[in-house]
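Asker: No sequence on hand, only this structure:
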């Protein structure tokens, strides 16, 4: 084999194995590559293509190669110039209080198609976010009694205005003669990691924001959170909110970075079945035994990090001049209890990634979630913080109150709203 042929094979191998798709499949454990690695791989690919073209197509025609390289360089320069313009306009480089990087919608009204998630009058969910990124009716930022933090079970984008559990709570307060405003700051996919970042980048940037209580609706997004590689929503855009590296600055300010991360977030959510979709829970397979045995040992690392995040979050709330309420939300579609027997749903529905690389079913989830709830109850009791576990008081109707394993329909949200009003009205 000639030197030319060997070089050709080597360059082709680089293109085959060091492109973003092949790299994810061959060299990563979870099939995912961070955005910086992908960018570097693309640069390597372009460089190799240029070398390949020079040696095997234009080596004897330097002038023609120079013309094409000049054309290529001009287009790259023009593209970079366009990206800079778009970054300056849409990014956070110049504008103050631009919170696009937080994955928070502002000044927007959407009518989402329910797509048979549950029966509703016009099969639409009206979803409104105001100029601050909040959802709900209230006089202004200086007059918020309860601001709710959480993920998609808090945001409830597929439940119309007036029917979320926050709306139900507020209506109950008003009906009983108390002008208490319950405002929704939930963000799809957000965990306690995202809540911490929200104080840094969102709430602290809102002039005159005064909140009596932050109600943290915690659970599923913290259940299996990998802090080094968060997956969804605001969490997906951060690794460590305290880092001040050039990459962390890019994360906060770049519009292109945000767009690429959001697209990947949609892809990962679809891959891990974390998107909103109708699941017929009565048709699913249920089991009365777990797949794992050493639940405490398996969950120890997750639990320690969760405790650390929640202690930091309670301190953030206190430093903000507010008080905390912690509520563990239900994932009643993953498990059910009949007498002393725990039934859990099929592992394929629980999560495609597993815990510590091991698959778990709904019975395992029940045991893991019990450890999580016990830990946050312990933290709250030590600090005199009100704590509620939804599963201690409510059993949801799988046919009517849930459209998947954890997201409520309006009837489920109504039950939560009534319960939280009943248990928290004494605070006001």
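Answerer: That came in fine, so what should we check first? The structure displayed is predicted, hence computed values, not measured ones.
Asker: And the helix of greatest length in the chain, what does it pack against?
Answerer: In terms of residue count, the longest helix belonging to the chain (DSSP state H) is helix 62-90. Helix 62-90 is packed against helix 35-56, helix 255-271, with contacts defined by 3 or more C-beta pairs under 8 Å, 6 or more residues apart in numbering; DSSP states H and E. For glycine as for every other residue, the C-beta is placed from the backbone atoms N, C-alpha and C.
Asker: State the next helix or strand along the chain beyond the shortest one.
Answerer: Read that as helix 255-271. strand 286-287 (DSSP states H and E).
Asker: the strands in this structure, which residues?
Answerer: Per DSSP state E, the chain carries strands over the ranges 108-113, 124-129, 144-149, 182-184, 211-218, 286-287, 323-328, 335-338, 341-345, 387-389.
Asker: how does this protein divide up, domain by domain?
Answerer: The record's domain parsing of the chain by automatic domain parsing lists 3-90, 100-230+277-427.
Asker: Buried deepest among these, which one?
Answerer: domain 100-230+277-427 (a mean of 18; mean count of other C-beta atoms under 10 Å).
Asker: in the protein, which residue is closest to the centre?
Answerer: residue 189 (2.2 Å; C-alpha atoms, centre = their mean).
Asker: if I look at the closest residue to residue 371 other than its chain neighbours, how far off is residue 347?
Answerer: Spatial nearest neighbour of residue 371, excluding adjacent residues (C-beta to C-beta, 6 or more residues apart in numbering): residue 299 at 5.4 Å. Going from residue 299 to residue 347 by C-beta to C-beta, to the nearest Å gives 16 Å.
Asker: And for residue 422?
Answerer: Distance, residue 422 to residue 347, by C-beta to C-beta: 36 Å.
Asker: for residue 423, same thing?
Answerer: Taken as C-beta to C-beta, the span from residue 423 to residue 347 is 33 Å.
Asker: ditto for residue 301
Answerer: Taking C-beta to C-beta, one finds residue 301 at 21 Å from residue 347.
Asker: Run through the residues that contact residue 147.
Answerer: Residue 147 makes contact with 134, 183, 185, 211, 213-215, according to C-beta atoms under 8 Å, 6 or more residues apart in numbering.
Asker: go with 10 Å
Answerer: With contact taken as C-beta atoms under 10 Å, 6 or more residues apart in numbering, residue 147 is in contact with 134, 136, 138, 141, 166, 181-186, 203, 209-216, 317, 320, 322.
Asker: so it bridges to which residues?
Answerer: Here residue 147 sits in beta bridges with residue 183, residue 214, going by DSSP bridges.
Asker: Residue 286 now?
Answerer: Taking DSSP bridges as the rule, residue 286 bridges to residue 345.
Asker: pLDDT averaged over stretch 110-128 - what is it?
Answerer: Average pLDDT, stretch 110-128: 91.
Asker: who touches residue 338 in this structure?
Answerer: Here residue 338 is in contact with residue 288 (C-beta under 10 Å, 6+ apart).
Asker: Return the distance of it relative to residue 344.
Answerer: Distance of residue 338 to residue 344, given as C-beta to C-beta: 12 Å.
Asker: Please identify every residue contacting each of the two.
Answerer: In contact with both residue 338 and residue 344: residue 288, using C-beta under 10 Å, 6+ apart.
Asker: what pLDDT does residue 98 get?
Answerer: Residue 98 is assigned a pLDDT of 53 by the prediction.
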